[in-house]
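Chemist: Fold the following, please.
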Amino acid sequence: MAYQYLTMLDLAKINKSDQAVGLIEENLNSAPEAMVLPARTIVGTSYKTLVRTDYARGSFRSPNSGVEPTKSTYVNKQFETFYYDGQMEMDNAIATGDDQGVAHALALEADGHGRGYLLQIGKQVWYGINTINGDALGFPGALQSVDSSLVVDAGGTTDSVASSVWAVVADPRFMGLTFGNSTVLQVGEWRKQSVTRSSKEMTAWKNSLEGWIGIEALSKYAFGRIKKLTTDSGKGLTDTLLSQLIANFPVGVKPTHLFMTRRSRQQLQASRTVTLFGQGSGKPSGAQATIAPVPTEYDGIPIIATDSILNTETLAL
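Modeler: Sure thing, here's the model as predicted:
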């Protein structure tokens, strides 16, 4: 059995954040990143760690001659978490107008915020800061962490219809989500209070979903990327591109997951249909079409479809 690590949902359960657990479990289908990526809590909102960037290496020598001593090389890195704030508000007139009751109306709103939280975090994992797809006040993501030697260019030429496939080593020694102040997220109790809108007061229900979150990329091999996957002919995802990406990782380091959009997964399925299932004696007779199964893995690496990766990336990304 493969190693398994604590995830965002596990931490919420451990911390007994009952409402948070409910929100995460209800909405895991929105952003599978929360179900796959390792996660841990930290004391405070940031920490420093020592990262080894190279090993000490000796050498062969002749008798009666020496060698110079060597050492490993290290860098200090600081990782920070960033505050997520999801304010919830519902006019009491709307809440009481729900024929299933106020509690039902408030639960629907909380569920929507939980889904939005996971989608926002999932997108931030990939796009991070300094892009139109990420939040500038959020944490740096895979796009800011990936090493150029681990990027494969699919060669798409049509702007704003591009997508990426991400290879991830989902292992705490390589990367993971971090949650500050020893908790995943806090969901408060709904409270009724007066609020002011356009200089006029009304009664509303208020709540919030808040917490500190960041990502730690502890190794240059934490992420790999195929970029510029578009709808141009011959510029979609193929097994050849996946092979090039995996070959860029060193021996001893193999990605644990491949994250992609449904479009990229369909492109891979189509390429496999042509090359693997479209010819030969295995093709059914008559007009019956032959299509490859929906891809679930490449070289034993699970494929995870996610809506957090977009099909509208620019070529400059």
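Chemist: and the next element down the chain from the longest strand anywhere in the chain?
Modeler: What stands out as the longest strand in the chain, according to DSSP state E, is strand 200-217. For strand 200-217, the succeeding helix or strand toward the C-terminus, using DSSP states H and E, is strand 223-229.
Chemist: ok now that following strand, how far from the chain's centre?
Modeler: 14 Å (C-alpha atoms, centre = their mean, to the nearest Å).
Chemist: Remind me which helix or strand the residue lying farthest from the centre of the chain belongs to.
Modeler: In the chain, counting by C-alpha atoms, centre = their mean, residue 64 sits farthest out from the average C-alpha position, at 55.4 Å. For residue 64, there is no helix or strand it lies in under DSSP H and E.
Chemist: cool, residue 58 as well?
Modeler: Following DSSP H and E, one finds residue 58 outside all helices and strands.
Chemist: circling back: what's the per-residue pLDDT of the residue farthest from the centre of the chain here?
Modeler: Predicted confidence (pLDDT) for residue 64: 91.
Chemist: next one: phi and psi at it?
Modeler: Dihedral pair for residue 64: phi 70, psi 20, per degrees, to the nearest 10.
Chemist: same thing with residue 272?
Modeler: According to degrees, to the nearest 10, residue 272 has phi -70, psi -30.
Chemist: how many other residues sit next to it?
Modeler: Using other C-beta atoms under 10 Å, residue 272 has 18 neighbouring residues. For every residue, glycine as well, the C-beta is placed using N, CA and C.
Chemist: how about the helices in the stretch 101-250 of the chain?
Modeler: Here the stretch 101-250 of the chain has its helices, by DSSP state H, counting those that start in this stretch, at 102-127, 142-145, 239-247.
Chemist: rank those helices by pLDDT, which is bottom?
Modeler: helix 102-127 (a mean of 89).
Chemist: Residue 185 contacts residue 177, doesn't it?
Modeler: No. Applying C-beta atoms under 8 Å as the test, residue 185 and residue 177 come out as separate, 11.4 Å apart.
Chemist: list residues touching both of these two?
Modeler: Here residue 185 and residue 177 have residue 213 as joint contacts, going by C-beta atoms under 8 Å, 6 or more residues apart in numbering.
Chemist: could you measure the residue farthest from the centre of the chain against residue 70, distance?
Modeler: Residue 64 sits at a distance of 20 Å from residue 70 (criterion: C-beta to C-beta, to the nearest Å).
Chemist: again with residue 264
Modeler: Counting by C-beta to C-beta, the gap from residue 264 to residue 70 is 44 Å.
Chemist: of the two, who's got more company?
Modeler: Neighbour tally, residue 264 and residue 70, criterion other C-beta under 10 Å: the higher count belongs to residue 264, 25 against 12.
Chemist: give the contact list for the more buried one.
Modeler: 163, 165, 229, 236, 237.
Chemist: Going by distance to residue 102, which of those wins?
Modeler: Nearest to residue 102 among the contacts of residue 264, counting by C-beta to C-beta, is residue 163 at 41.9 Å.
Chemist: Tell me how many other residues crowd the closest one.
Modeler: When neighbours are defined as other C-beta under 10 Å, residue 163 has 25 of them.
Chemist: Next one, pLDDT for it please.
Modeler: 98.
Chemist: Could you report the separation of it from residue 154?
Modeler: For residue 163, the distance to residue 154 - C-beta to C-beta - is 9 Å.
Chemist: Overlap of the contact sets of those two?
Modeler: Taking C-beta under 8 Å, 6+ apart as the contact rule, residue 163 and residue 154 both touch 229, 230.
Chemist: And the strands in this protein?
Modeler: 39-41, 46-54, 73-80, 82-91, 151-153, 163-168, 175-179, 186-187, 191-197, 200-217, 223-229, 257-260, 297-298, 301-305.
Chemist: Ok, which of these comes nearest residue 313?
Modeler: strand 163-168 (5.9 Å).
Chemist: between the strands of the chain, which one is nearest to residue 315?
Modeler: For the strands of the chain, the distance to residue 315 is smallest for strand 223-229, at 5.9 Å, taking C-beta to C-beta.
Chemist: Within its sheet, name the partner strands of that closest one and how each one runs.
Modeler: Within its sheet, strand 223-229 is paired with strand 151-153 (parallel), strand 163-168 (antiparallel), according to DSSP bridges.
Chemist: ok, now which ones touch residue 88?
Modeler: By C-beta under 8 Å, 6+ apart, the contact list for residue 88 reads 109, 110, 113, 205, 206, 207, 208, 209.
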